[in-house]
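**Student:** with the sequence up front, the predicted model follows.
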Amino acid sequence: MKKPKLSVVGGTGALGSGLAIRLARAGFDVTIGSRDAERAKLAAADLARATGSDSVRGDDNISSARQADIVFVTVPFASQRATLADIAAAVKGKIVVDTTVPLVPPKVARVQLPEEGSAAAVAASVLGGDVTLLTGYHNVSAHKLSSEGETGCDVLIFGDDIGAREKIVEITNQLGVRGLHGGPLANSVAAEAMTSLLIAINKRYKVKEGAGIMITGLEAE
Ligand SMILES: NC(=O)c1ccc[n+]([C@@H]2O[C@H](COP(=O)([O-])OP(=O)(O)OC[C@H]3O[C@@H](n4cnc5c(N)ncnc54)[C@H](OP(=O)(O)O)[C@@H]3O)[C@@H](O)[C@H]2O)c1
């Protein structure tokens, strides 16, 4: 099967760069997005050097999303709405995977959900029905994604379109991370809230690489 072209909007940041490096190592064509095309190009050059990939480019967020079949969004909650509104026209008819966790500094170790109920609901309200919206990667630390080798934790993917969800689970499984179906978009809130719990565990137990989750009881284990 031909590999889809991917974009990582906000890919200059912690989670996005960790995701982009794994996607590039797995042989995907990746365009890193940034508000500043030059910053994205510099990040892409670093990534190309680190991975030896010749399929990594950088561009502004909108152009990056326009070039891709599937668009990952990796920006802070405070900039989620504005970023999604910026790329909305460019992602019509595409799969968008939003990784946003609704963290509200300074109390990021406390669950604080938005009025809409979840970051997934915020994304759905901004993007509307012309996009296949998925969410995921809420519970894997940027540190783990940026490191080499298996992360040793699971990544849950949520969305109402099971076929699209399966595509992202498959891509995730190619990254040294076990991807699992987390169910419909309504379930995203559980993983979003779990991140604050993991941050609390990181603080209490001084976990440097970031605590993660692993689902037990699966036959594939
Ligand atoms: N970090 C983690 O370990 C982790 C784990 C799981 C989930 N997440 C979630 O993943 C998302 C990204 O987290 P992160 O730690 O990677 O964030 P980050 O490094 O703070 O920011 C990611 C990128 O977002 C862009 N950005 C920052 N402020 C912005 C603004 N005001 N308006 C528009 N764009 C802005 C920046 O790109 P440009 O300046 O290049 O435009 C930045 O490089 C968050 O929602 C977070 O909760 C993070």
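**Tutor:** Done, it's in.
**Student:** pull out the buried residues from stretch 51-58.
**Tutor:** Counting neighbours by 16 or more other CB atoms under 10 Å, one finds that the buried residues in stretch 51-58 are 51, 53, 55-58. Using the backbone N, CA and C atoms, a C-beta is placed for each residue, glycine as well.
**Student:** any low-confidence regions in this protein?
**Tutor:** Within the chain, the segments meeting pLDDT under 70 span 1, 220-221.
**Student:** so is stretch 88-104 next to the ligand?
**Tutor:** Yes: counting by CB under 6 Å from any ligand atom, the ligand has neighbours in stretch 88-104: 99-101, 103.
**Student:** that older thread, want to try TSV for the buried residues of stretch 51-58, with secondary structure and distance to Lys144 as columns?
**Tutor:** Listed next are the buried residues of stretch 51-58 as TSV, based on DSSP: H, G, I helix; E, B strand; the rest coil; distance: CB to CB, whole Å:
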residue	secondary structure	distance to Lys144
Thr51	helix	17
Ser53	coil	20
Ser55	coil	23
Val56	strand	21
Arg57	strand	25
Gly58	strand	23
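**Student:** dump stretch 136-150 to PDB, restricted to CA.
**Tutor:** Extracted in PDB, the C-alpha atoms of stretch 136-150 (Å, rounded to 0.1, in the frame of the first residue of the first chain):
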ATOM      1  CA  GLY A 136      -4.700  10.400  20.100                       C
ATOM      2  CA  TYR A 137      -1.100  10.400  21.500                       C
ATOM      3  CA  HIS A 138      -2.300  12.100  24.700                       C
ATOM      4  CA  ASN A 139      -0.500   9.700  27.100                       C
ATOM      5  CA  VAL A 140       2.900   9.200  25.500                       C
ATOM      6  CA  SER A 141       5.600  11.700  26.600                       C
ATOM      7  CA  ALA A 142       7.600  13.700  24.100                       C
ATOM      8  CA  HIS A 143      10.700  12.400  25.700                       C
ATOM      9  CA  LYS A 144       9.700   8.800  25.000                       C
ATOM     10  CA  LEU A 145       8.800   9.600  21.400                       C
ATOM     11  CA  SER A 146      12.000  11.500  20.800                       C
ATOM     12  CA  SER A 147      14.200   8.600  22.000                       C
ATOM     13  CA  GLU A 148      15.100   5.600  19.900                       C
ATOM     14  CA  GLY A 149      13.600   2.200  20.200                       C
ATOM     15  CA  GLU A 150      10.300   1.000  21.700                       C
END
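**Student:** right, I'll call it a day here.
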